[in-house]
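Undergrad: sequence and predicted structure, then a few things I'm wondering about:
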Amino acid sequence: MTAPSLPHGAPVNVREFEQAARMVLDPVHDDYVRGGAQDEVTVRANESAFAGLCLVPRVLRGAGEPVLRTAVLGHEASMPVVIAPTAFHRLVHPDAERATARAAAAEGVIMIAAMLSTVAIEDVAAEARKAATDPCLWFQLYPQPDLGFTRAIVQRAEAAGCRALVVTADSPALGRAERNDRNDFHDLPPGLRCENLRELRGGEPGSVRQVVLSPEISWRHVEWLRETTDLPILVKGVLHPADAALAADLGVDGIMVSNHGGRQLDTTPPTIAQLPRIAEAVAGRVPLLLDGGVRRGTDVIKALALGAAAVGIGRPVMWGLAVAGEDGVSAVLSMLRRELANALALCGCAGPADVPRDLVMDISAKEGCAR
Ligand SMILES: Cc1cc2nc3c(=O)[nH]c(=O)nc-3n(C[C@H](O)[C@H](O)[C@H](O)COP(=O)(O)O)c2cc1C
Ligand SMILES: CCCCC(=O)C(=O)O
């Protein structure tokens, strides 16, 4: 295998993309992307928990060159990494969600388009179709108490060709991001609008202030969505095994184990630590995805070993987009692809479905691999 050639000085890993993004972004927007709730305990824990798990590779398995291609909820993908929904891509690059959609489609990666997108879902989908004949887009929803609006936005996503609905469940209120308080960043700058919120304002693009993160949203809304759309439904933001069991009982099509990248409730457990408990509660009834702190191919393989069908990445995509638009997102995706292929090969695995549970050893904080 030959190493891919990168222009001199280009980031060689996701961490370097983070640093490069910091150099180009308005510090207020950099803070918005990198930040989390309150003391950011969970932001750090998501990443360090991966480092605290060791990989114990098998040798001489003759597994051959790993094949990364996989199906996520039955949707073909070139690797078990999806783009987690992140709002407001135009804050970090003028090509915004259009660039992300092109990169995802060209890379054969599933993109979860955010409801709070700065490009309308129809345009995101059209852009994805420019880069691939059969791109796979899912749509993330913050269910609104206004069910008329919620129905309308779901129908728009369906008509645009989105193939699954990702219902964010961890946001009955907005988390307290003190970086944003310090920067007095509570609304989009002039000219940036939430293009999917037109139905809230009689055809005008919406303002983020109109979005209701409501404590009244409940499992009944998931049931209502089940009756409202034929799209597969994933619930995103599950951390408690009992909630995972409830979701499975309700017949959802997928669960995203997520703490919103540590941006909602601080001091929640790192997602990778919670994954085995959730896998046990669900017992294979529903496919699991996980996001939060995935920065390396070795993180992906750890999540696969502990029960995830795929992982999501949030901030890394925003950093790639900030640094180089579509090319930056592509670079982040292909970096993770190379790292995952390398990790699979070094672990003796033939592909995502060939990752045994005992590949991962939990090492307690005092003797862990990292810190
Ligand atoms: C800038 C930013 C915006 C986000 N916006 C949304 C959103 O609109 N809806 C949502 O469900 N999650 C949102 N998230 C959470 C991500 O979907 C994901 O759970 C999280 O970023 C994963 O952690 P990671 O950034 O460490 O990969 C956002 C995250 C970031 C960093
Ligand atoms: C009003 C919600 C903002 C988008 C979001 O979910 C985030 O920044 O984490």
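TA: Thanks, I have it. Numbers count the residues shown, from 1 in each chain. Ligands and ions are numbered 1, 2, ... in the order given.
Undergrad: now stretch 315-323: mean pLDDT?
TA: Averaging pLDDT along stretch 315-323 gives 98.
Undergrad: also stretch 78-86?
TA: The average of the pLDDT scores along stretch 78-86 is 99.
Undergrad: hmm, that stretch touching ligand 1?
TA: Yes. Remark: stretch 78-86 sits within contact range of ligand 1 at 84-86, by Cβ under 6 Å from any ligand atom. Every C-beta, even on glycine, is put in place using the N, C-alpha and C of the backbone.
Undergrad: next step: these restricted to helices.
TA: With helices taken from DSSP state H, there is no overlap with those.
Undergrad: need these in CSV with neighbour count, can you?
TA: CSV is the format used below for the residues of stretch 78-86 next to ligand 1 (neighbours: other Cβ atoms under 10 Å):
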residue, neighbour count
Ala84, 27
Pro85, 25
Thr86, 25
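Undergrad: I'd like to know which of the residues you listed is nearest to Ile363.
TA: Ala84 (27.0 Å; Cβ to Cβ).
Undergrad: let me know the closest of the residues of stretch 78-86 next to ligand 1 to Ile112.
TA: The closest of those to Ile112 turns out to be Pro85 (Cβ to Cβ; 4.3 Å).
Undergrad: measure that closest one to Asp30 for me?
TA: Separation of Pro85 from Asp30 (Cβ to Cβ, to the nearest Å): 20 Å.
Undergrad: ditto for Arg263
TA: 14 Å.
Undergrad: residues of the stretch 201-350 of the chain that sit close to ligand 2?
TA: So the stretch 201-350 of the chain meets ligand 2 at 208, 211, 260, 263 (Cβ under 6 Å from any ligand atom).
Undergrad: drop anything exposed from those.
TA: For these, a burial check counting by 16 or more other Cβ atoms under 10 Å picks out 211, 260, 263.
Undergrad: near ligand 1, list only the ones from the residues you listed.
TA: With Cβ under 6 Å from any ligand atom as the criterion, those include 260, 263 near ligand 1.
Undergrad: what residues does the stretch 1-150 of the chain put near ligand 1?
TA: 33, 46, 84-87, 114, 116, 140.
Undergrad: restrict the residues you listed to contacts with ligand 2.
TA: Residues of those in contact with ligand 2 (Cβ under 6 Å from any ligand atom): 87, 116.
Undergrad: CSV for the residues of the stretch 1-150 of the chain next to ligand 1, including distance to Ala273?
TA: Shown next, in CSV, are these (distance: Cβ to Cβ, whole Å):
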residue, distance to Ala273
Val33, 24
Asn46, 9
Ala84, 18
Pro85, 23
Thr86, 23
Ala87, 26
Ala114, 26
Leu116, 28
Gln140, 24
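Undergrad: from the residues of the stretch 1-150 of the chain next to ligand 1, which two are the most distant?
TA: Asn46 and Leu116 (21.5 Å).
Undergrad: more neighbours: those two, which one.
TA: Counting neighbours by other Cβ atoms under 10 Å for Asn46 and for Leu116 shows that Asn46 has the greater number, 27 against 19.
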